[in-house]
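Visitor: Sequence and computational prediction follow.
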Amino acid sequence: WDFFVPVSVGDLVKTGGINQYVVQDVVPPKHLHSSLNKFKLALRSQGPLCVLEHFDTGYSVLQHSHSVELGVKEDTLDLLVQVVSGLAGSLPALLISTTTSAAERKDQLNAVKMSVYLLCKLTETFESDSYRQNIITAPGKGGKKSKSSGEGLLQWDSERERVLQALIQLLQLDIRSLWNLSLVEEEFISCVTCCCYKLLENPTISHVKSKPTRDCIIHLLGVLIKKYSHLLGASVKVIQLLQHFEQLSSVFAQAVSVWSTEYGVRTIIGEILRNSPFRCKDIAMCLACFCYVILFYYPFLQSHTMRVAVCEVLGEILVCVLCGDRLDDSGKADRDRFFDTLQEHLHDTNSHVRARVLQVFTRIVNSKALPLCRYSEVMELAVGRLMDKSINAVKNAIQLLAAFIAHNPYSCKLSSADLKKPLEKETAKLREMKEKLQGKAPAVQFCVTVCEFSVANSVSGVRKMLPLVWSTDAAIKEAVVQAYRRLYLNPQGDTVRMKAQTLVDSLSELMVDASLGTIQCLEEIVQEFFGSSSNLQSTVVQVLWERFTGKRETSVLNRRAAVLLLGMAARAEREVVLSNLDTLCSVALGEKVTEDFLLARDTAITVCSITDHVRVRRHEHTPFRLPQDHQLFTCLTQAVAEGVVMEDPYWQSFMEQAVRLIYFLAESPDQLCSRLLQRSARLLLDQIAEGGEINTDAGPIQDGSQESSEQGEQVNCVCLAQLLALCGSVAFWQVSHLERSVSTELRRRRGETEEREEKEKGPSGKAKTANESAMEEDLGLIGASAEDTEAELIRKICETELLAEENLLCAFLPLLVKVCSSPGRYSHPQLTTAACLALSQYMMISPAACEDNIRLMFTVLERSTLPVVRANAIIALGDLIVRFPNILEPWTQNLYARLSDEVPSVRQTAVTVLTQLVLKDVLKVKGQVSEVAVLLIDPEPHITSLALNFFNELATKDNAIYNLLPDIISRLSDPERGMATQDFNTIMKQLFSYITKERQTESLVEKLCQRFRTAKTERQWCDLATSLSLLSMCERGFKRLQECWECYSDKLTEPGVYQPLLSIMVKLRRGAKPQFKAQVDEFEKRLTAVHTRGLENVESPEMDADNPKQGGAPENAVTLTPLAGRGQAKPSVSARDDSFVTPQRTRKPKKPVITFSSDEEEDEEDAVMAESETPKVTTPIARSSRR
């Protein structure tokens, strides 16, 4: 049962709801003594939880409070104080415990509510009796107070403090966790606050003798305001009490002082003044006294809270009184004066005041109380607040601008033509502000407002805010969900069907031409809609099916949007799609499937939403799959096979989703896909035999034998590419199926077997193995052996069976290798792309397949003329590094070479893949990371941001950038690279910004100074000096710079060395102490002397006379001329086509070069594809989990 705090005492004897506590036995007054004795004994033996059994006793005392003896009430009060104090002592350990059961928490919660309720109500009873007794026994004029006055209640003044201390001790604990979702019911808080305010009504509460009680009440209310959201209730109650009890002005002034200083509730003054009825003369007098006492407590405080209160009062007057066109001259003058005051406070020194004034203006605009003559003036001020340093002020400025747009008096629609010039002016500033952008919630609200008013391109902003549904900030995620619910999920219409059609139209419009990421984000919101209890769901689903089946005339794009929305609905309710599989097959996968492969692809995606791989399934449940002969798989395999011999650009995306669906949903999908491969190959061979259309770029299909190479049969290259893509997709999903589905099913079946065997064992058998099981559990061996066996079985199948000669996948591997290794003969871009992608998928099967073809894959990466092939190879090799790290480890340096690729898309792919591998500790960070640093000056802004993100993330790892900096400097200042000075400085400025520790700075100073000894050119000296100047030099670093004088003193005659070192002295001198400043000045004089006269002409007592240095620059110093372009390293010898060798851990002699058949036989066929013919979409390899 649960105890609910009642509104009135009598409610507890009435029949309540389900599991609601009801008082069963109201003890008569004559039996209360014995019941209280039982209560006392239970308290000693059971502790404070005894109140759960003896609540009726305390309740009976309340019921009979007017007739029961005073001693009984005093005993009950004492018991309740002990119970509350006991709970305050026992709860801390329970609140931090993670093993407490739900039943225990419920008991503790009921005990807290019961004891606090009884104690507060009994306290109110004592207070009423005391007040009544004082009135009855009050002495007349000139008379004396009776000796018997207040008999029995003389101790109540001291008992008040004891009761309040017990309540404070309990409520200071974080007991909110006892409630569900930490939401404390309002009745519980009201029970305590009503008791406090009842005590404050005592006429003597402001007297000196009542100070202990007064302080306890103030602190108890402070706890309730801070922890239990009683701020608004307290501000209203203060006004009410001030209106009836004038003596409380000083009490509440003290209370507000304590609440704002000790409890941090600084807004309480503004709340009180805002809720004050100023038109009432009585309350105005009390408030005047209250404000006077506040100023007494804060004599030197420039209270921003008071300014906020005054501004809000002015705002209310402008909205409610000084508004409209019927004001007389005096009223207009007052209105203008009030607006001037508010506008001045938009530049208040306190950010909180600026934010609140913006809120006041928002309320004025929403109430249409702002005169037209002030629109432009106030809006200009609001735009200026967008640059405010306070995020709260910026948020409120955005809200004010949204209110201006929503309530503008000129038009219901706005055109962007008038805003064109200001837009161009602010574009440059926007780029700089993007990195510092905060306050997403107001921006979301702004986007919603402009979209509702049909501002041009507003849908673009709505789409861009969609990824925020994945935000970890619950408030931001809720704001986005609410925004989309407001724009799309709350349609207008006279009937349910019209609302459903409007909703479907809105969502379909959003999905048209949307990216895959946008659709995934939208899926999160749509799924939430279908998971709720909306009355539109069934009608929306019906409208979607009508659009998909063509019952209602609609466009092809809307049909595709409809089927995708059905898939989103199926995530919440599987039957939406499962019960209509026949319809999906007949409409999208039937006879006309070859006319629209995109609709077929989206249908496959929708059906995937009912599979266990997409839906959350517990492993102990039987997997959901359909038989092989189901109509769905018949349609899918037929569509895929027929599409192989067609030249449809959308077939491949359909094929990938179809194979994925087969492996997710079919029983024995390997058998289905085996027959699919056989049928597809047969159709292609039949096309060859029939003498099908010959492609100009087609090449003969060869199996590697001399006989077949002499045949003249030709095949369409596009069809061959599609067959190879099918092979690669089947190979990949077969491995994924084994490692995910089969492995999971083996574990499930093993669990069932173990559970069945456990049940079959008798009690004796369990007892015999108890000690053994305990030992195995301690060692973590339970299930480990079986899981190892299962994993070994899957690994063995991948290594020995999938590519065995009798397996169909093996038959296509030689063809893949042939196409990839003969780029001259097989030059068709689609064929080359498909073959390389499929080969990489084959390499995922086993270490042997990977090791046999890894050299070929890196050859493709280095020598392919197609950017899409190089990008796909990078992604594939990234997957292979994760799966087979030992095999790929010697080759990792070749991946870094693609960071300097001439095509931006390849560089972008390379930096993305390497970022993931490095940050996930798959790749060790080595010196080649300097190639990533070069991308910080890439001409493509997106690549620059990716490189910057790489170093931002790398900086979070301990000492990572600090350890790499010296090597990066050496590589970038290498004369062979020829990097421009300005580019070097830009890169170093960014990298040195991550060095913030004093010890790291000191160490880097020494390392960089030592490198002066090995630097050979003037340019290298200048780069080292520039690097030193970029460090945040400290006193210890300066001392290290002095100690390394001999390393760089002979280079000081070079201006490029002297000037950076001089700038270090300038920075050190700022804010330095006099003694340290003198050392800096002396060292600067020494630098200047050597720079102007040469080292050999300057005598220094600190230098050793035995080690003279030769000054000046070398006579034959080489001046570097930066190379044109991006500062790329010159190609090394090992990177040439005729010397491609396997990288080794140690330096070894060169191995024989790889010779391609096309290079020897048909050099004239080595055609380089034009950029315009290159496919624009990079097809990534799907990633699967690695066991």
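Guide: Happy to help now that I have it.

Visitor: got any ranges where the stretch 601-750 of the chain has weak pLDDT?
Guide: 615-621, 691-714 (pLDDT under 70).

Visitor: so where do the helices sit in it?
Guide: 631-644, 651-665, 669-689, 706-709, 717-736, 743-760 (DSSP state H, counting those that start in this stretch).

Visitor: What strand or helix carries the closest residue to residue 205 other than its chain neighbours?
Guide: Leaving aside its sequence neighbours, residue 205 sits nearest to residue 214 (Cβ to Cβ, 6 or more residues apart in numbering; 5.8 Å). All C-beta spots, glycine's among them, are computed from the backbone N, C-alpha and C. Secondary structure assignment for residue 214, by DSSP states H and E: helix 211-227.

Visitor: returning to that earlier point: can I get the helices of the stretch 601-750 of the chain in TSV with distance to residue 8 and mean neighbour count?
Guide: Shown next, in TSV, are the helices of the stretch 601-750 of the chain (distance: least, Cβ to Cβ, whole Å; neighbours: other Cβ atoms under 10 Å):
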stretch	distance to residue 8	mean neighbour count
helix 631-644	64	21
helix 651-665	61	23
helix 669-689	68	17
helix 706-709	98	10
helix 717-736	66	25
helix 743-760	55	13
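
Visitor: And these: which comes nearest residue 102?
Guide: Shortest distance between residue 102 and these, using Cβ to Cβ, is found for helix 743-760: 26.4 Å.

Visitor: From what I see, the residue nearest to residue 205 and residue 251 are in contact.
Guide: Yes: counting by Cβ atoms under 8 Å, residue 214 does reach residue 251; the two are 6.3 Å apart.

Visitor: higher neighbour count, these two?
Guide: residue 214 (25 against 22; other Cβ atoms under 10 Å).

Visitor: what residues does the helix or strand hosting residue 352 touch?
Guide: Using DSSP H and E, residue 352 sits within helix 351-366. For helix 351-366, the surrounding residues in contact (Cβ atoms under 8 Å, 6 or more residues apart in numbering) are 270, 304, 307-308, 311-312, 314-315, 318-319, 342, 345-348, 370, 378, 382, 385, 388-390, 392-393, 395-397, 399-400, 403-404, 406-407.

Visitor: helices or strands up against the following helix or strand past it?
Guide: Heading C-terminal from helix 351-366, the first helix or strand you meet, by DSSP H and E, is helix 375-385. Under the contact definition 3 or more Cβ pairs under 8 Å, 6 or more residues apart in numbering; DSSP states H and E, helix 375-385 sits against helix 329-344, helix 351-366, helix 391-406.

Visitor: mind checking which of the helices of the stretch 601-750 of the chain is nearest residue 1068?
Guide: Nearest of the helices of the stretch 601-750 of the chain to residue 1068, taken as Cβ to Cβ: helix 717-736 at 59.8 Å.

Visitor: Tell me how far that closest one lies from the chain's centre.
Guide: 36 Å (Cα atoms, centre = their mean, to the nearest Å).

Visitor: same deal with stretch 9-17?
Guide: Counting by Cα atoms, centre = their mean, stretch 9-17 comes out at 48 Å from the chain centroid.

Visitor: next one: stretch 26-43
Guide: For stretch 26-43, the distance to the chain centre is 58 Å (Cα atoms, centre = their mean).

Visitor: Ok, stretch 887-907 next?
Guide: The answer for stretch 887-907 is 30 Å, by Cα atoms, centre = their mean.

Visitor: what do you get for stretch 223-238?
Guide: 33 Å.

Visitor: now swap in stretch 12-20 and tell me
Guide: The answer for stretch 12-20 is 45 Å, by Cα atoms, centre = their mean.

Visitor: By mean pLDDT, flag the weakest helix or strand of this protein.
Guide: Each helix and strand of the chain was given a mean pLDDT (mean pLDDT, DSSP states H and E); the minimum falls on helix 706-709 at a mean of 34.

Visitor: what's the helix holding residue 214 packed up against?
Guide: In terms of contacts (3+ Cβ pairs under 8 Å, 6+ apart), helix 211-227 is packed against helix 156-171, helix 186-200, helix 231-244, helix 248-261.
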